[in-house]
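Visitor: Got a sequence here, can you build the structure:
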Amino acid sequence: MTSWTVASLSQRSHFTANYSGVVPQLLAFTDTPPLKAGNSAGVVDRYLQDMPMLNLYRAHELPAQADRIAEQLLRTPEGRRAVQPFYIMAFALKASEYPVDALGIYERGWIDVSRDTAGLAELAWRLDRRGAKLDFIYCDNENDLTPWTLGQERFVEIYASAAARERMPARLREFDPAALRFMTPEYHEWMIHLGTYAQQIKIEGLRKALCDSGLMSPWSETGGTAAVNFFAMRTSFRLYDLNNWEIEHQTLVDGRTSCPVAYTGGRGFRYKDKPHHPIWCSFVDGLNHARSAAATSEIVPILRELLRARGQDKSTVDPGARWLMEQLIGHLVRTGAKRFTVFNVPATAADDLAIAEILEQHDGAAPEANLVLPEIPLDVDEVVTGDLATTYVEFLKWDPDRWINPS
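Guide: Next comes the predicted model:
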């Protein structure tokens, strides 16, 4: 293995506003316009691209929103045209705000997306009229159709419906929600199978809305617009959420692009009483999510802003947090990621500049094809992807207890 670290690249010169215009291999889509300060515009403009938000909650404003977004996308170079449909399918699934017709959904096997389709069509029509195509669509629907949201009693009713049971996979029909007890092995196995099925129904709903509206081609599996939803992946080995529950997803919005989440923070029961620091464990988990998905599909990992240290000036970047992001992006690129999404609402211009510079450092390091890599144990002392190695000893040198977990 070649001895190589991201730190050895830290002296590489950065692009300025007068960069040559060569198309970078790497690109990060952000949910807000990138912030720029001083001479940072060149590298930030090159590696960060914002996704205008089409707010489906504000239906009366959709024509005006669609006009504004279409004009913005026309000014955006091809290959970087992205949009984020906000509140997509929330009216049908957001149980904290609306009654969810869970029985009807499971009996039909599909979600009514007519309202979402009409809203998305406002933008699709305007883009089509201008001869413009989207390159990327990021959906952020984090609602689900499982007991975590709906409660177990709802599934006693669902299982009592012959129509709902008939649509379920054979293994899922074998369970009896009325007899299951929380946290037992049988309940655990039920949740894995139910989670996979519920995820499929949701993602197929998103796909239908995007395709029926004309915003995405139904034949996008062969190219064209990439479309993802938060944490929608096709896994090759089982993953774990922050509560240590196993996840096995298979359905993708566009049929070819997974959206693993690579947050570093360390919150969650999964990291409790582990021998290694919780933030190291979350770093490993983020890489595992990308590895599991990359073996089956293209990946567009989701990142957060850089971690902050207690008492840190918000206009600065903590050196240790930057080092960790360098390592994270470096491994993700070598796993096959060429595009990212960045959730950075609390970010500053310093954060955006740091992420852009890190992408610049790793530009050109992605393999020709996504790698098929094994799962990394949480207690590993060294993570190796291609020519990049990150050690737990070096991680500890940054005193990670200083970092504040993101909310």
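
Visitor: The lengthiest helix in the chain packs against which elements?
Guide: Of all the segments assigned as helix in the chain under DSSP state H, the longest by residue count is helix 185-212. Helix 185-212 makes packing contacts with helix 114-129, helix 170-173, strand 226-229, strand 246-247 when contacts are defined by 3 or more C-beta pairs under 8 Å, 6 or more residues apart in numbering; DSSP states H and E. Glycine gets a C-beta too; all of them are placed from N, C-alpha and C.

Visitor: Just the buried positions in that helix, please.
Guide: For helix 185-212, the buried set under the neighbour-count rule, 16 or more other C-beta atoms under 10 Å, comprises 187, 190-212.

Visitor: Stretch 43-53 too?
Guide: 43-44, 46-53.

Visitor: again with stretch 226-240
Guide: 226-229, 231-236, 239.

Visitor: Start and end of that stretch, how far apart?
Guide: Stretch 226-240 stretches 25 Å from its first residue to its last (C-alpha to C-alpha, to the nearest Å).

Visitor: Distance from the chain centre to that stretch, please.
Guide: Put simply, stretch 226-240 sits 8 Å off its chain's centre (C-alpha atoms, centre = their mean, to the nearest Å).

Visitor: What of stretch 74-93?
Guide: How far stretch 74-93 lies from its chain's middle: 14 Å, per C-alpha atoms, centre = their mean.

Visitor: Kindly report the same for stretch 158-166.
Guide: On C-alpha atoms, centre = their mean, the centre of stretch 158-166 falls 32 Å from the chain's centre.

Visitor: okay, stretch 169-186 in PDB with CA atoms only?
Guide: Extracted C-alpha coordinates of stretch 169-186, given in PDB (Å, rounded to 0.1, in the frame of the first residue of the first chain):
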ATOM      1  CA  PRO A 169     -44.000 -10.300   0.100                       C
ATOM      2  CA  ALA A 170     -44.600 -13.900   1.300                       C
ATOM      3  CA  ARG A 171     -42.100 -13.700   4.200                       C
ATOM      4  CA  LEU A 172     -43.700 -10.500   5.500                       C
ATOM      5  CA  ARG A 173     -47.200 -12.200   5.600                       C
ATOM      6  CA  GLU A 174     -45.900 -14.800   8.100                       C
ATOM      7  CA  PHE A 175     -45.800 -12.300  11.000                       C
ATOM      8  CA  ASP A 176     -48.600 -11.400  13.400                       C
ATOM      9  CA  PRO A 177     -48.300  -7.800  14.700                       C
ATOM     10  CA  ALA A 178     -50.800  -8.500  17.500                       C
ATOM     11  CA  ALA A 179     -48.500 -11.200  18.900                       C
ATOM     12  CA  LEU A 180     -45.100  -9.400  18.400                       C
ATOM     13  CA  ARG A 181     -43.300  -8.000  21.400                       C
ATOM     14  CA  PHE A 182     -41.000  -5.000  21.000                       C
ATOM     15  CA  MET A 183     -37.200  -5.800  20.900                       C
ATOM     16  CA  THR A 184     -37.700  -9.500  20.600                       C
ATOM     17  CA  PRO A 185     -35.700 -11.300  17.800                       C
ATOM     18  CA  GLU A 186     -39.000 -11.900  15.900                       C
END
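
Visitor: mean confidence for that stretch?
Guide: Average pLDDT, stretch 169-186: 94.

Visitor: how about it: buried residues?
Guide: In stretch 169-186, counting by 16+ other C-beta under 10 Å, buried: 172, 175, 177, 180.

Visitor: now stretch 328-347
Guide: Of the residues in stretch 328-347, those buried (16+ other C-beta under 10 Å) are 328-344, 347.

Visitor: I'd say Asp67 and Trp125 touch.
Guide: No - contact criterion C-beta atoms under 8 Å: Asp67 and Trp125 do not qualify, at 10.6 Å.

Visitor: Looking at the two, which one has more neighbours?
Guide: Trp125 (16 against 13; other C-beta atoms under 10 Å).

Visitor: quick one: contacts for the more buried one?
Guide: 66, 214 (C-beta atoms under 8 Å, 6 or more residues apart in numbering).

Visitor: Roughly how far does it sit from Glu71?
Guide: As for Trp125, its distance to Glu71 is 14 Å (criterion: C-beta to C-beta, to the nearest Å).

Visitor: do the same with Val44
Guide: 22 Å.

Visitor: Then Thr341?
Guide: 23 Å.

Visitor: Listing request: residues of the stretch 201-350 of the chain with sub-threshold pLDDT.
Guide: 220-222, 345-346 (pLDDT under 70).

Visitor: quick one: the strands in it?
Guide: Remark: strands assigned in the stretch 201-350 of the chain by DSSP state E, counting those that start in this stretch are 226-229, 239-240, 246-247, 257-258, 298-299, 302-304, 308-309, 339-343.

Visitor: Of all these, which one is nearest Tyr87?
Guide: Of all these, strand 226-229 sits nearest to Tyr87, with 13.1 Å by C-beta to C-beta.
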